[in-house]
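Colleague: Next comes the sequence, and after it the predicted model I'd like to discuss.
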Amino acid sequence: MEKVGIVGYFYVKMKPELDYGRYDLVFETVRGALDSAGLKKKDLTTVISCTNDYYDGRTISNAFCVEPGGSYLVDESKIEMDGPHAVLYALMRILSGNHKLALVWAGSTPSCFPYDSTQLYMTDPTWERPTELLNQMVSGGLQMKAYMNKYGIKVEDIAKVAVKNHKNAAKNELANPEAQLPNISINDVLKSDVMSDPVTELMYAQPCDGMAALLLAPEKQALKITENPVWIKGVGWNQETYYLGDRNLHESKAMELASKMAFKSAGITAKDVDVAELFEHFAHEELIFAEAIGFAEKGKGSKLNSEINGDLPINPSGGAIGGNAPCATGLIRMIEAVKQLQGKAQGHQVKDAKIAVASGQVGFCAQNSILYVLEKGGN
Amino acid sequence: MSEKLIIANKGMVRAEFSFWVGRYMDKFYDALEKKKLIGNKCTKCGDVFVPPRKICGKCNVTIPLDENWVNLPDTGTLKNFTTTFYKVNERGTRKVKKPQIIGLVNIDKSNTAFLNKILNMEPEEVKIGMKLKIDWNEKTKGDPSDINGFVKA
């Protein structure tokens, strides 16, 4: 693949409830990304936004974000999945040779809408929706039980992931304050409210308000903009069937195939990865993904030392448990991976990372997964 | 001057969607009204789907509307379950008094599982692999409400 560089990024401090409007939020984020690269609105040649009509409470919701989103009289399209899917679109536009600078912005404000009810709109409208039995929490409960049952995993091993991510979030100044828990214990996780058994409140990536933006440029242009771009070395994506009853919930076939594709296009293997930022909707999902990507054998994800100074750090930023702003969550994983490669992750920086992976997902039990391989550029 | 925040603006729009269930689900709901469960079988791999499908995604073939229907029992095996303490159709903060058990049940003689309530059991009694049967609604209407949930077989 030709080299495409990440040349700028920004995301706002996540909060359960941001005290300003959606347009201000979009504007601050987009300006933040342009400022980080020392660029101006006029430098943008294409824009991809990533939001969800249900989350925005209106249809064709990008129509209202032309001015704050940097797309005033610029070609713009919207993706209604996770941020990394929008990056895919931007990447293709850059690779077409027609664009010099692409902006991706993504996010939502769950403080304004009932997140779990909107999840019900994702279900099969005639057979499942009338029964009102399925949302993200319920799907997480089924997935965790399937994983524990298949491999005989203890609930403590899963709580350990939640502890790690909440502690890491405490070191990341942009994480959701409610998720920043430096003194959390396994017992705290197990004793927190049961949401959908065996998933407890502290194992769940609680939705919060947030917005993120990323700038992409072709190699030549990227090197003009910055001395240390991060290169997109490879990407893979895949999806499983919608119905949970058709799938093996103890594994992620979609992530398995996505990572295979990403590693193939990057010409590397899982062993070459120094740090991973994965969008885990629940603590157990991080383990399922780690196994699907090949960081650990099936059922052995919890044996991996994934702490910041561990064998393979996973979610040093705190992951989605540290802050889950729907549509932005995967894009924030990418930004955090970029920060790690540039040595800009401050309190949660891992040592000497040269290659990182970052993932996004959509659907129940991560029906669709996408994984990027990112490589440190410059010095 | 007092400060007033507008937090909600109820719009004037009513635009409800009428979903077409399709010919396959139409047959399924007709059977459901008679308290019978039917599925259909992929012409290539032989997988039996309940509810029925027009297309087998794995084989990428159409299952003909007039063929390959399978009469199924109203019994099955519990593949997986969860107990939820929150209302599914409301904000996540709305706790319920009595937790709801939701299971994925593999209907006997079929290859897929579907989601429904597990009834008349305490969460501790429910075990993966247990045999269950449909608890039918007394008055059926030919829609998902015909099934109250699953009970011990």
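Modeller: Happy to help now that I have it.

Colleague: chain center to stretch B:87-106, what's the gap?
Modeller: Centroid separation between stretch B:87-106 and its chain, computed with Cα atoms, centre = their mean, to the nearest Å, is 14 Å.

Colleague: Contacts for stretch B:55-75 next, please.
Modeller: Stretch B:55-75 has contacts (Cβ atoms under 8 Å, 6 or more residues apart in numbering or on different chains) with A:241, B:23-24, B:27, B:35-45, B:47-50, B:52-54, B:107-110, B:131-134, B:136, B:153. For every residue, glycine as well, the C-beta is placed using N, CA and C.

Colleague: got a list of what A:Lys3 touches?
Modeller: A:Lys3 is in contact with A:Pro218, A:Glu219, A:Ala222, A:Trp231, A:Ile232, counting by Cβ under 8 Å, 6+ apart.

Colleague: Recalculate using a threshold of 6 Å.
Modeller: Residues counted as contacts of A:Lys3 (Cβ atoms under 6 Å, 6 or more residues apart in numbering or on different chains) are A:Glu219, A:Trp231.

Colleague: can you pull the pLDDT of it?
Modeller: A:Lys3 is assigned a pLDDT of 91 by the prediction.

Colleague: Now the stretch 251-379 of chain A against chain B: closest residue?
Modeller: Chain B sits closest to A:Phe364 of the stretch 251-379 of chain A, with a gap of 10.4 Å, by Cβ to the nearest Cβ.

Colleague: give me the element that residue is part of.
Modeller: Using DSSP states H and E, A:Phe364 is not contained in any helix or strand.

Colleague: B:Gly39: what's its closest spatial neighbour, skipping adjacent residues?
Modeller: Distances taken as Cβ to Cβ, 6 or more residues apart in numbering or on different chains put B:Val50 closest to B:Gly39, at 3.5 Å, once the chain neighbours are dropped.

Colleague: pretty sure that neighbour contacts B:Val105?
Modeller: No. Using Cβ atoms under 6 Å, B:Val50 makes no contact with B:Val105, being 10.0 Å away.

Colleague: Off-centre distance for stretch A:20-37?
Modeller: Relative to its chain's centre, stretch A:20-37 lies at 19 Å (Cα atoms, centre = their mean).

Colleague: One more: stretch A:356-375?
Modeller: Using Cα atoms, centre = their mean, the mean C-alpha position of stretch A:356-375 is found 7 Å from that of the whole chain.

Colleague: cool, stretch B:105-121 as well?
Modeller: Counting by Cα atoms, centre = their mean, stretch B:105-121 comes out at 9 Å from the chain centroid.

Colleague: For it, buried residues please.
Modeller: For stretch B:105-121, burial by neighbour count (16 or more other Cβ atoms under 10 Å in any protein chain shown) applies to B:105-118, B:121.

Colleague: For it, output the C-alpha coordinates as CSV.
Modeller: C-alpha atoms of stretch B:105-121 as CSV (Å, rounded to 0.1, in the frame of the first residue of the first chain):
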residue,chain,number,x,y,z
VAL,B,105,-32.6,-21.0,22.7
ASN,B,106,-31.7,-23.5,20.1
ILE,B,107,-35.0,-25.0,18.9
ASP,B,108,-34.7,-28.8,18.5
LYS,B,109,-34.1,-29.9,14.9
SER,B,110,-32.9,-26.4,13.9
ASN,B,111,-29.4,-24.9,13.6
THR,B,112,-30.0,-21.4,14.9
ALA,B,113,-31.0,-20.0,18.2
PHE,B,114,-33.3,-17.1,19.0
LEU,B,115,-33.7,-14.7,21.9
ASN,B,116,-36.6,-14.8,24.4
LYS,B,117,-37.5,-14.6,28.0
ILE,B,118,-36.9,-17.5,30.5
LEU,B,119,-39.9,-17.7,32.7
ASN,B,120,-40.9,-19.2,36.1
MET,B,121,-37.3,-19.8,37.2
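
Colleague: check whether it contacts chain A.
Modeller: Yes. With Cβ under 6 Å from any Cβ of the partner chain as the criterion, chain A is reached by stretch B:105-121 at B:Thr112, B:Ala113, B:Phe114, B:Leu115.

Colleague: rewinding a little: angles on the backbone of the residue of the stretch 251-379 of chain A closest to chain B, please.
Modeller: For A:Phe364, the backbone dihedrals (degrees, to the nearest 10) come out as phi -70, psi 140.

Colleague: What of A:Met211?
Modeller: The phi/psi pair for A:Met211 (degrees, to the nearest 10) is phi -150, psi 140.

Colleague: Now do the same contact list for it.
Modeller: Neighbouring residues of A:Met211 by Cβ under 6 Å, 6+ apart: A:Val12, A:Leu25, A:Thr29, A:Gly107, A:Ala328.

Colleague: mind redoing it with 7 Å?
Modeller: Residues near A:Met211 by Cβ atoms under 7 Å, 6 or more residues apart in numbering or on different chains: A:Tyr11, A:Val12, A:Leu25, A:Val26, A:Thr29, A:Trp105, A:Gly107, A:Ala325, A:Ala328.
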